[in-house]
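In: generate coordinates for the sequence data below:
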Amino acid sequence: MLPDFDRLACEWEGGPYVARSQVREFSSGMLHPRTMANYDCLGEGPPKVKFGKKVFYLVEDLVQWMKERATRGA
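Out: The predicted structure follows:
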C-alpha cells in the first residue's frame with residue numbers, strides 16, 4: 001500500500017512551496033534534502049524554483065513526483 005501523498009499536501013502548513021531544506025519534514029522522513037539535491041543534479045527531480053541559493057518545490061509538483069517515484073517499482 002502506498003502512502004497517502006495527497007494527505008502530506010493537505011497537512012503542510014508551510015504555504016504553496018516546500019524548501020528543499022524542509023523536504024524531510026514535508027515527506028514525514030521519506031526524503032532527505034541531500035537526496036533531492038542528487039535527483040536535481042541528475043535532472044530527475046521535480047520542477048524547482050530557485051531564489052538566490054535556496055531551492056523550492058511547488059507542493060503539487062513535489063506530491064506528483066513522489067507519486068510517480070513510488071509507483072515505478074510496483
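In: V23 contacts R34, doesn't it?
Out: No - the pair V23 / R34 is not scored as a contact, 9.7 Å apart, by CB atoms under 8 Å. Placement of C-beta: from N, CA and C, glycine included.
In: between those two, who's got more neighbours?
Out: V23 (23 against 11; other CB atoms under 10 Å).
In: return the per-residue confidence for that one.
Out: pLDDT recorded at V23 is 98.
In: now it: how far from F56?
Out: 10 Å (CB to CB, to the nearest Å).
In: OK, contacts around S27?
Out: With contact set as CB atoms under 8 Å, 6 or more residues apart in numbering, S27 has these partners: 8, 66.
In: any idea how far V59 is from it?
Out: 11 Å.
In: by mean pLDDT, which helix or strand of this structure comes out lowest?
Out: helix 59-72 (a mean of 90; mean pLDDT, DSSP states H and E).
In: which elements pack onto it?
Out: With contacts taken as 3 or more CB pairs under 8 Å, 6 or more residues apart in numbering; DSSP states H and E, helix 59-72 sits against helix 5-11, strand 17-19, helix 23-26.
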